[in-house]
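Peer 1: sequence unknown, structure follows:
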């Protein structure tokens, strides 16, 4: 006889497996720099189920976002550590690893995003003219100061 597991049983088994590890431990692992794919592989779940688990409890998604932001600090520290521990023999590899950690830190935490931010300023001469006319509307000839060149 083949032991069949229904879809609901699979869902319950996965939830039980995650509950056994605990929400705090999962988020601590993420904050410590463990990749989500590795956590999911260890728990034998997919990303889709991880998202179901996140939405199952109020406030869990926010805790996940906070854990990711904190992981940004971990990856920034790894970037600095990798660069500082580089030797003459492994400079190209260390640079690549350091840049990758820095990129990941920037993705997780805006504090580490060093890219140039584009600033766009639009000025309408018509709007400036209208504003000047509004300011000058109450000016009388007596308000002007005479001077000679």
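Peer 2: Yes, it's here. Predicted, not measured: the structure shown is a model, and the values here were computed from it.
Peer 1: Every contact and neighbour count from this point should use C-alpha atoms.
Peer 2: OK.
Peer 1: What lies in contact with stretch 61-79?
Peer 2: Residues from elsewhere that reach stretch 61-79 (C-alpha atoms under 8 Å, 6 or more residues apart in numbering): 27-28, 30-33, 54-55, 97-102, 104-109, 112.
Peer 1: If any of those are buried, give me the ChimeraX selection for them.
Peer 2: For the buried members of the contacts of stretch 61-79, the matching ChimeraX selection, counting by 16 or more other C-alpha atoms under 10 Å, is:
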select :27,28,30,31,32,33,54,97,98,99,100,101,102,104,105,106,108,109,112
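Peer 1: Among the contacts of stretch 61-79, name the ones in helices.
Peer 2: Among the contacts of stretch 61-79, the members falling in helices (DSSP state H) are 27-28, 30-31, 54-55, 97-102, 104-108.
Peer 1: List the buried residues in the helix or strand hosting residue 51.
Peer 2: For residue 51, the host element (DSSP states H and E) is helix 47-55. Buried residues in helix 47-55, counting neighbours by 16+ other C-alpha under 10 Å, are found at 50, 53, 54.
Peer 1: quick one: average pLDDT of it?
Peer 2: For helix 47-55, mean pLDDT rounds to 93.
Peer 1: and after that helix, which helix or strand comes next?
Peer 2: helix 60-84.
Peer 1: mind listing what residue 110 touches?
Peer 2: No residues are in contact with residue 110 under the rule C-alpha under 8 Å, 6+ apart.
Peer 1: quick one: it and residue 96, what's the gap?
Peer 2: 21 Å (C-alpha to C-alpha, to the nearest Å).
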